[in-house]
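S.K.: give the three-dimensional model of this entry:
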Amino acid sequence: MTGIFRQKTPGNIILLILLGIFIKLPAFFHAKGFIVKQSDGIFYTNLTAFLDRLTNGSSFVFAGIAFSLNLLIAFILNSFINTDRFMNKPNFLAGMAYILITSFLPSFNMLSSNLVASVLLLTAFKLFYQSHHVKNHIFNASLLIGLASLFFFPALFFIAWAFLAVSVLRPFKLSDWIILVLGLISPYYFYGTYLFLNDRLEVPSYFYHLSFLSSDIRYSAWHAGALFFLLAPLLAGIYYMQANSAKMLVHIRKGWYLFLGYLAVTIIAALFDIEKTSENLVLALVPVAAFHGYGYLNAELKLYPKISFWLTIAFIITNQLYGSWW
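M.R.: Here you go, the predicted structure:
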């Protein structure tokens, strides 16, 4: 199967969708609706309230929305990596890896503020990376980060990553930094203006409910297995990226290091507002999938991608059949 996804053919789009449907069937048959936490941003709580009324609380519809968002992320990530030549050969491996690792836990397949924010943050990353030749992308990318924080408040940590991205990808210009700041505060400015005009200006309640490392999750052997299948290909991908970094163009090497920074920030953000599920890890799955795909393509041991893929599939199916999560 990895041999098929090593190619960039139109048929792989359909194959990726079919793979996602096959390994995510329990997310539809045992749909659990959506996840709402006390500290979720006002945009997300309003969105879910609207969709809940519109669909009469249909868990299946929410599962379909979450599946569509996961597919969208997979295709954006794959297109980003291929278009900007992060790998030496166009392929569908990063998209395949994302679909696989989002099948580890039910919370990865439920609509959550983290999933919505992940779409916005990945798009922001793509725009930042392309800002070396299109200056307007800086404002658009920073605007998306500010908007993402109105869905999932800890996404504000990406402000630090945004300044890092601009400093790494572009020579220092004060105008770039001013544009960046303007983009970040614009969503809050317009939202604050709306509240002021409607005489509802107040500090949102989720500012007071944000928790750090406060979790009621009961970890099991299945969690350990999922962590192993996340970390092993991740470390392999980082290793091969480092081994080949000297052969990369400077801009591409900078991009991979920004992926590492993206991963670090998502891990920090995931430590906030954990509560009872693991949906916060959705943010980290994007850079993890990128490194998985790089490792699959550049592995010196040719059996490694095949073994990793089929062991991951076996773990997912076994978990779905015999685990207690689904």
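S.K.: I'd say Ala141 and Ala162 touch.
M.R.: Yes - if you go by CB atoms under 8 Å, Ala141 and Ala162 touch, sitting 7.1 Å apart. Heads up, the C-betas are built off the backbone N, CA and C, glycines and all.
S.K.: so for these two, which sits in the more crowded spot?
M.R.: Ala141 (28 against 24; other CB atoms under 10 Å).
S.K.: I'd like to know which elements the strand or helix carrying that one is packed against.
M.R.: Per DSSP states H and E, Ala141 falls inside helix 136-149. The contact analysis (3 or more CB pairs under 8 Å, 6 or more residues apart in numbering; DSSP states H and E) places helix 136-149 against helix 113-129, helix 158-169, helix 174-197.
S.K.: tell me the most buried of the ones you listed?
M.R.: helix 113-129 (a mean of 25; mean count of other CB atoms under 10 Å).
S.K.: any idea of the angle the helix holding Ala141 forms with helix 174-197?
M.R.: When axes from the mean of the first three to the mean of the last three CA atoms, to 10 degrees is applied, the directions of helix 136-149 and helix 174-197 differ by 40 degrees.
S.K.: for helix 136-149, buried residues please.
M.R.: 137-149 (16 or more other CB atoms under 10 Å).
S.K.: off-centre distance for that helix?
M.R.: Its chain's C-alpha centre and that of helix 136-149 lie 16 Å apart, by CA atoms, centre = their mean, to the nearest Å.
S.K.: quick one: low-confidence parts of the stretch 51-200 of the chain?
M.R.: 132-134 (pLDDT under 70).
S.K.: switch to 90 and redo it
M.R.: 51-60, 84-85, 88-89, 105-107, 129-137, 150, 152-156, 168-177, 188-200 (pLDDT under 90).
S.K.: didn't Asp40 look like it was pressed against Phe151?
M.R.: Yes - with contact defined as CB under 8 Å, Asp40 and Phe151 form a contacting pair (7.4 Å).
S.K.: mutual contacts of those two, please.
M.R.: Ser113 (CB atoms under 8 Å, 6 or more residues apart in numbering).
S.K.: overlap of the contact sets of Ala141 and Ala162?
M.R.: 124, 128.
S.K.: where does the prediction get shaky in the stretch 201-326 of the chain?
M.R.: 201-227, 244-251, 268-281, 298-306, 319-326.
S.K.: returning to what we had before: of the helices and strands packed on helix 136-149, which is nearest Leu283?
M.R.: Among those, the nearest to Leu283 by CB to CB is helix 113-129 (5.4 Å).
S.K.: what helix or strand does the residue in the chain sticking out farthest from the centre sit in?
M.R.: The C-alpha centroid of the chain is most remote from Asp199, which lies 35.6 Å away (CA atoms, centre = their mean). For Asp199, there is no host helix or strand (DSSP H and E).
S.K.: kindly report the same for Gly95.
M.R.: helix 93-101.
S.K.: contact partners of that helix?
M.R.: With contact meaning CB under 8 Å, 6+ apart, helix 93-101 is reached by 1-2, 5-6, 16, 19-20, 23, 70-71, 73-75, 77-78, 81, 87, 108, 229-230, 233, 285-286, 288-290, 292-294, 296-297, 305, 309, 312-313, 316.
S.K.: now the buried members of those.
M.R.: Of these, these count as buried by 16+ other CB under 10 Å: 2, 5-6, 16, 19-20, 23, 70-71, 73-75, 77-78, 81, 87, 108, 229-230, 233, 285-286, 288-290, 292-294, 296-297, 305, 309, 312-313, 316.
S.K.: those in helices, which ones?
M.R.: 2, 5, 16, 19-20, 23, 70-71, 73-75, 77-78, 81, 229-230, 233, 285-286, 288-290, 292-294, 296-297, 305, 309, 312-313, 316 (DSSP state H).
S.K.: give me the phi and psi angles of the residue farthest from the centre of the chain.
M.R.: phi 60, psi 40 (degrees, to the nearest 10).
S.K.: and the gap between it and Tyr189?
M.R.: 18 Å (CB to CB, to the nearest Å).
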